[in-house]
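**Student:** the amino acid sequence is not available; the structure is as follows:
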């Protein structure tokens, strides 16, 4: 069996990974349907509607994830994951019935609020299912491949399905996908971390007393920021957000306005970044056996800086493809090992809060870089925004070197 597929020999992980892939494909299909619905309701203002929806998605990710992590500590993981999948299915199935733009905003926020609870909880389960470091590393690479393939294949699948069904049918398929994901999780023995015993002599000894305070809600973020390697990860998250924002926001501007090419070329541009990321994900387990996480991720940050700087000089489509390929490589080098850092930075009971903090803080970086890449890019030009983002990525990577000491303790 190829080493990247070895985690699938574990039946628990196999079901959980299948649930992740099904949910991702469904989400990717409904993203295309949402764009069509926005155009039907808003016409030429569909871009603004989608921009606001994307901002609401990020706000949900940043704000809801720590709250769910705090409230879910005493909630069985399997029940939580299934409940959130079912909730997402119900909300997605309501979208075809909306008749005004504000309803889109409400449903997009609620769906992504559920995702903000589901994803970190799901991520925190995997290191408990695969305690062996090599198997866990391979699982991280598989997850990265799943995200990249979703970005490449879901739009093509949606286009093929639109020849058979309406875009409302795509939302129905996404709802079914979430229900299938819920069923797979329901059939899985999801491990539940053992809570630490109360401190002897404490007033709450022998009892489970849940106190939901501001301290509970921020505990994961405070623990995250107190850990040197995770402060370095946060800095690299910002470098990755700068690069991915440039790719996601400005690919269509480069291709359509600068080079005068069509929609197919836009797809090829995005595919170049995905291809670079996928190649690195395939090689990542072998790479991390030979090099430390810190070295691999800092090389990734450096490649992001180089790719953004080179983008400022691009004058042809072939040059853009090369830059996007380089950025895809850098993004995968930075993002794929992140789960290893978090898994070794806390006990099983603490990991959900740390994964939630990573989810929230990394999306806070995108909440900054998405509008910067779009608004400043329109005002200053693509070359200027590429240099600005390259400078920010360079500062972030230098910060990671400073925050994350070498050598770093294993635990």
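**Tutor:** Arrived safely, thanks for sending. Keep in mind it's a predicted model, so treat the numbers as computed, not measured.

**Student:** in which helix or strand does the spatially closest residue to residue 369 that is not a sequence neighbour reside?
**Tutor:** In space, and not counting its chain neighbours, residue 369 is closest to residue 245: 3.8 Å by CB to CB, 6 or more residues apart in numbering. All C-beta spots, glycine's among them, are computed from the backbone N, C-alpha and C. Using DSSP states H and E, residue 245 sits in helix 228-252.

**Student:** pLDDT wise, what is the closest residue to residue 12 other than its chain neighbours at?
**Tutor:** Excluding the flanking residues, the one nearest residue 12 by CB to CB, 6+ apart is residue 129, at 5.0 Å. We have a pLDDT of 86 for residue 129.

**Student:** surely residue 129 is in contact with residue 11?
**Tutor:** No: contact between residue 129 and residue 11 fails when scored by CB atoms under 8 Å: they sit 9.9 Å apart.

**Student:** coming back round to it: what count of nearby residues applies to the residue nearest to residue 12?
**Tutor:** Number of residues near residue 129 (other CB atoms under 10 Å) recorded here: 22.

**Student:** list the contacts for residue 150?
**Tutor:** Each residue near residue 150 by CB atoms under 8 Å, 6 or more residues apart in numbering is listed here: 21, 24, 25, 27, 28.

**Student:** neighbour-wise, which one of those residues leads?
**Tutor:** residue 28 (23 neighbours).

**Student:** tell me which element it falls in.
**Tutor:** helix 11-42.

**Student:** ok, then the element right after that helix?
**Tutor:** Helix 11-42 is succeeded, C-terminally, by helix 46-71 (DSSP H and E).

**Student:** next, the angle from that following helix to helix 228-252.
**Tutor:** 160 degrees (axes from the mean of the first three to the mean of the last three CA atoms, to 10 degrees).

**Student:** pull out the buried residues from helix 46-71.
**Tutor:** 46, 49-51, 53-62, 64-70 (16 or more other CB atoms under 10 Å).

**Student:** and that helix, what does it pack onto?
**Tutor:** helix 11-42, helix 101-129, helix 214-225, helix 351-371 (3 or more CB pairs under 8 Å, 6 or more residues apart in numbering; DSSP states H and E).

**Student:** checking residue 189 next. Helix, strand or coil?
**Tutor:** coil (DSSP: H, G, I helix; E, B strand; the rest coil).

**Student:** contacting residues around it?
**Tutor:** By CB under 8 Å, 6+ apart, the neighbours of residue 189 are 12, 78.

**Student:** re the thing from before, where is pLDDT lowest across the contacts of residue 150?
**Tutor:** residue 28 (76).

**Student:** my guess is it contacts residue 158, does it?
**Tutor:** Yes: contact status for residue 28 versus residue 158: in contact at 7.3 Å, counting by CB under 8 Å.

**Student:** compute the inter-axis angle for the helix holding residue 28 and helix 46-71.
**Tutor:** Using the same axes, to 10 degrees: helix 11-42 against helix 46-71 is 140 degrees.

**Student:** list the buried ones in helix 11-42?
**Tutor:** Neighbour count says helix 11-42 has 12-39, 41 buried, by 16+ other CB under 10 Å.

**Student:** can you count the residues close to residue 165?
**Tutor:** Residue 165 has 11 neighbours, counted by other CB under 10 Å.

**Student:** nope, residue 330 is what I meant
**Tutor:** The burial count for residue 330: 32, using other CB under 10 Å.

**Student:** measure it to residue 244 for me?
**Tutor:** Separation of residue 330 from residue 244 (CB to CB, to the nearest Å): 10 Å.

**Student:** which of the residues in stretch 355-372 are buried?
**Tutor:** So stretch 355-372, judged by 16+ other CB under 10 Å, has buried residues 355-367, 369-372.

**Student:** before we move on, what about stretch 378-389?
**Tutor:** Result for stretch 378-389 [16+ other CB under 10 Å]: buried residues 382, 385, 386, 387, 388, 389.

**Student:** which of the residues you listed lies closest to residue 83?
**Tutor:** Nearest to residue 83, judged by CB to CB, of the buried residues of stretch 378-389 is residue 389 at 38.8 Å.
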